[in-house]
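Enquirer: 3D model of this:
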Amino acid sequence: MFLSWTQTNLTRMIRIGTRKSALALWQANQVKDKLDQLGATTILVPVESKGDQNLTDPLYRMGIQGIFTKTLDAALIDKKIDIAVHSLKDVPTVLAKGIEISAVLERGANKDVIVYPLKKNQDKIIATGSLRRKAQWLRKYPEYKVENIRGNINKRLEKLEHSLWSGAIFAKAGIERLGLSGLNYDNLDWMISAPGQGVIGIASLISNNEIKPYLKKINCEKTKLCAKIERTFLNTLEGGCTAPIGAHSRIENDTLFFKGGLFSLDGKDAITLDDQISLNQSKDFGVKAAKRILNQGGISLLKKIKYQM
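Expert: Numbering: from 1, shown residues only. From the prediction side, this is the model:
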């Protein structure tokens, strides 16, 4: 069920804010279904973000962090919605005042994939709108040219088919969630994913105690811990969600496995970390891991990146 903001003043409902793309609506419906199963009454409130409106400029040139989240933040603060559903990798590590990530769903696929067009192109050109993906691709394949691509998944796939690109990089979670199994793609297992990639995050006002019991019941604690470590790592490195920084953590039994990296824009320089620790020693690990990167040359590399951007 969809309503506009002006129609959603029913306090007995949990109003779920979401972007309008097919992937965003899929994710919001996952949250809606879980809340409905708990007996809550819910309604979707789709909005359009600035990031959805401008499909030309690279994200890092658009001047602000949270390009996909600010409109939903405003709706939360104005109490036009009760929760906002996000791809957590798009959410800035510093949230708007009064807002928190109240819950996350169990993580989906975290990997990146390269999708090939139906008609193969031999030109060594690939497309991505992510500095992180661009840097890591160029580090492995410096002979390639990387061009910018923007838009939702379906728009980017359409652009790929009408281009001279040999492929375009996508998040595997989005491909799977939209049921696009017929695509020709390869997993980029060597690429360190974005902090929070594959995670559906649910934001709400810190002061909204009424819905917290519902959100607590659908929250995945293991995923939340991993995402917190990745986002703390990113925040300590002073990177926004568009910076050339990758981080991924996973928990197996009582062990935390972590991979992180800071890359120059051209991929020639990289400082990476691959570590594992006991889960009971994971407190503040994101901060500690980032400081190791900084102490190994990360400070000067970050200065170089900021100068070039």
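Enquirer: hang on, Ile202 is in a helix, isn't it?
Expert: No. Using DSSP: H, G, I helix; E, B strand; the rest coil, the secondary structure at Ile202 is strand, not a helix.
Enquirer: Could you give the bridge partners of it?
Expert: Under the criterion DSSP bridges, Ile202 forms beta bridges with Val85, Ala103.
Enquirer: got it, and Ile245?
Expert: Leu262.
Enquirer: for it, what are its contacts?
Expert: For Ile245, the contacting residues are Arg132, Pro195, Phe233, Leu234, Leu237, Gly239, Gly260, Gly261, Leu262, Phe263, by Cβ atoms under 8 Å, 6 or more residues apart in numbering. All C-beta atoms are positioned from the backbone trio N, CA, C, and that covers glycine.
Enquirer: and of those residues, the nearest to Ile114?
Expert: Arg132 (14.3 Å; Cβ to Cβ).
Enquirer: measure the closest one to Glu176 for me?
Expert: 20 Å (Cβ to Cβ, to the nearest Å).
Enquirer: of these two, who's got more company?
Expert: Using other Cβ atoms under 10 Å as the criterion, Arg132 and Glu176 rank with Arg132 on top: 28 against 14.
Enquirer: gap between the most centrally placed residue in the chain and Asn152?
Expert: Nearest to the geometric centre of the chain sits Lys89, at 1.7 Å (Cα atoms, centre = their mean). Distance, Lys89 to Asn152, using Cβ to Cβ: 15 Å.
Enquirer: check contacts around Asn253.
Expert: So Asn253 contacts nothing (Cβ under 8 Å, 6+ apart).
Enquirer: swap in Lys119?
Expert: Taking Cβ under 8 Å, 6+ apart as the test, what Lys119 contacts is Glu161.
Enquirer: Neighbours of Ile99, how many?
Expert: Ile99: 20 neighbours (other Cβ under 10 Å).
Enquirer: Which residues are in contact with Ile169?
Expert: If you count contacts by Cβ under 8 Å, 6+ apart, Ile169 has them with Asp112, Val113, Ile114, Val115, Ile126, Ala127, Thr128, Ser130, Arg133, Trp137, Leu188.
Enquirer: now it, which residues is it bridged with?
Expert: Beta bridges link Ile169 to Ile114, judged by DSSP bridges.
Enquirer: Then Phe258?
Expert: As for beta bridges, Phe258 partners with Ser249, Asp275 under DSSP bridges.
Enquirer: Might you list the low-confidence residue ranges for the stretch 51-200 of the chain?
Expert: Applying pLDDT under 70 to the stretch 51-200 of the chain flags the ranges 51-67.
Enquirer: can you map out the helices along the stretch 51-200 of the chain?
Expert: 70-77, 131-140, 153-161, 172-177 (DSSP state H, counting those that start in this stretch).
Enquirer: Nearest to Asp254, out of those?
Expert: Across the helices of the stretch 51-200 of the chain, closest to Asp254 is helix 172-177 (Cβ to Cβ), at 26.2 Å.
Enquirer: how many neighbours does Gln136 have?
Expert: By other Cβ under 10 Å, 26 other residues sit near Gln136.
Enquirer: How about Glu210?
Expert: With other Cβ under 10 Å as criterion, Glu210 counts 11.
Enquirer: Assign a three-state SS to it, would you?
Expert: coil.
Enquirer: That one: what's it in contact with?
Expert: With Cβ under 8 Å, 6+ apart as the criterion, no residue contacts Glu210.
Enquirer: Surely the residue nearest to the centre of the chain and Ala173 touch.
Expert: No. Lys89 is beyond contact range of Ala173, at 9.2 Å (criterion: Cβ atoms under 8 Å).
Enquirer: which neighbours do those two share?
Expert: Listed as contacting both Lys89 and Ala173 by Cβ under 8 Å, 6+ apart are Gln197, Gly198.
Enquirer: Burial check on the closest residue to Ile200 other than its chain neighbours, number of neighbours?
Expert: Nearest non-adjacent residue to Ile200, counting by Cβ to Cβ, 6 or more residues apart in numbering: Leu105, 4.4 Å away. Per other Cβ under 10 Å, the neighbour tally for Leu105 reads 21.
Enquirer: Would you mind measuring from Leu105 to Lys304?
Expert: Remark: distance between Leu105 and Lys304 (Cβ to Cβ) = 37 Å.
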